[in-house]
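Trainee: Quick check, what structure comes out for this input:
(one chain, ligands or ions: 2)
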Amino acid sequence: MKNEYLPRRAVIETIVDDTPDTKTFTLRLIDKGNIRYKPGQFLMLSLAGFGEAPFTFASCPNSNNRFQVSIRRVGTLTNALHKLREKDIVGVRASYGNTFPLDKIKNKDILFVAGGCGIAPLRSLIQYVFKNRKDYGRIEIIYGCRSPKDIFYKDEIKSWQNKTNSNVHLTVDEPDASWAGTCGVVCVLLPKIKLNPKTAMVFLCGPSIMIKFAIKDILKLGFKERNIYASLERYMKCGIGKCGHCYIKGKYICLDGPNFSYVQMRKLGIEA
Ligand SMILES: Cc1cc2nc3c(=O)[nH]c(=O)nc-3n(C[C@H](O)[C@H](O)[C@H](O)COP(=O)(O)OP(=O)(O)OC[C@H]3O[C@@H](n4cnc5c(N)ncnc54)[C@H](O)[C@@H]3O)c2cc1C
Ligand code: FES
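Mentor: Ligands and ions are numbered 1, 2, ... in the order given. All right, here's what the predicted structure looks like:
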């Protein structure tokens, strides 16, 4: 019988220092089989002796068994992962969780709202949308970070700014001498977006306090509850609906989520 807890091996091909506490790893599966996933899903990444934890696929799906994860250094496992080098091997179980509602977003305008490392799961969908550009309407991206040095994917964000019918708005809480842009929380940027709120889709990921206040303001602008989706982060152990660590109000975040519409979030007791 197949052991669902058994990781497959992946090799680290490249490591990029994104911010002082975050690195983006490009991994390639070397064991038998393929890694198939869609934007919004996550994987369980492990390192022998240090443990296992969930991380979001941060890159658009492809067919060459390569994928990226952006990892913030916060504790035992993530510290150990940050010490790894190219060609080192990690364990991967994948793919888990639900995807962003790809069937609902075709031909729609889309607003992305990210805070800090919340840009990682949204990046998978943003890359997917730009790869299939003609299938989508106007794209607006709002991204807020603590300070300019905490902004992820700086070069890629510049390239998003140059795409047709798209715009990227950045803000930081604590500007430094290099910063000439907007200061403050992501909500200060919402009045700048040019989308039809009645039909546009919204995707949010970031700290729960950011999600709460951003949804409140997004609703005030006339966006529909059913078109607003957020990625929720909860403590997870198994990632496959067995251990109960991520259970809230009849839902397993690892199986039924991590992506929920605001209508579903309210049923889980998460209100803006
Ligand atoms: C679905 C999902 C997707 C995720 N995607 C990413 C990602 O793409 N990149 C990334 O850097 N992190 C992501 N995380 C968070 C990541 O799993 C944790 O940072 C990781 O478990 C920390 O492991 P550690 O051993 O280094 O930290 P530990 O030593 O276990 O803990 C260090 C600190 O981090 C806190 N912590 C641990 N896990 C979580 C959690 N799930 N939520 C909030 N706080 C936590 C602990 O309370 C403690 O304060 C995701 C979590 C989930 C549930
Ligand atoms: S993480 Fe074990 S049930 Fe969700």
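Trainee: Tell me how far Met201 lies from Ile105.
Mentor: The gap separating Met201 from Ile105 is 5 Å, by CB to CB, to the nearest Å. From N, CA and C alone the C-beta is placed, and that goes for glycine too.
Trainee: And the helices in the stretch 151-272 of the chain?
Mentor: Ranges of helices in the stretch 151-272 of the chain, per DSSP state H, counting those that start in this stretch, are 154-161, 208-220, 253-256, 262-267.
Trainee: quick one, which of those is packed in tightest?
Mentor: Stretch with highest mean neighbour count among the helices of the stretch 151-272 of the chain: helix 253-256 (a mean of 21; mean count of other CB atoms under 10 Å).
Trainee: Neighbour count: Met201 and Ile105, which is higher?
Mentor: Shown here are Met201 and Ile105; by other CB atoms under 10 Å, Met201 has more neighbours (24 against 21).
Trainee: quick one: contacts for that one?
Mentor: By CB atoms under 8 Å, 6 or more residues apart in numbering, the contact set of Met201 is 104-105, 108-111, 227-229.
Trainee: what does the stretch 101-250 of the chain have sitting close to ligand 1?
Mentor: Residues of the stretch 101-250 of the chain lying near ligand 1 by CB under 6 Å from any ligand atom: 117, 120, 233-236.
Trainee: got the buried residues for the strand ranked longest in the chain?
Mentor: Ranked by residue count and defined by DSSP state E, the top strand of the chain is strand 8-19. Neighbour-count burial for strand 8-19 flags 10, 12, 15, 18-19 (criterion: 16 or more other CB atoms under 10 Å).
Trainee: Can you name the residues in contact with it?
Mentor: Here strand 8-19 has contacts from 23-33, 35, 66, 70, 84-93, 149-153, using CB under 8 Å, 6+ apart.
Trainee: Can you select the buried ones among those residues for me in PyMOL?
Mentor: Buried subset of the contacts of strand 8-19, written as a PyMOL selection, criterion 16+ other CB under 10 Å:
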select buried, resi 23+24+25+26+27+29+35+66+70+84+90+91+92+93+149+150+151+152+153
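Trainee: Now intersect the contacts of strand 8-19 with the strands, please.
Mentor: 23-29, 66, 70, 89-93.
Trainee: List, one by one, the residues from the chain near ligand 2.
Mentor: Counting by CB under 6 Å from any ligand atom, the chain comes close to ligand 2 at 236-239, 241-246, 252, 254.
Trainee: out of the residues you listed, which are buried?
Mentor: 236-239, 246, 252, 254.
Trainee: Could you check how far Phe25 is from Arg138?
Mentor: Distance of Phe25 to Arg138, given as CB to CB: 32 Å.
Trainee: Burial check on the residue in the chain positioned nearest to ligand 1, number of neighbours?
Mentor: Nearest residue of the chain to ligand 1, counting by CB to the nearest ligand atom: Gly75, 2.1 Å away. A total of 11 residues lie near Gly75 under the criterion other CB under 10 Å.
Trainee: Look up phi and psi at it.
Mentor: Torsion angles at Gly75 (phi, psi; degrees, to the nearest 10) stand at phi -160, psi -150.
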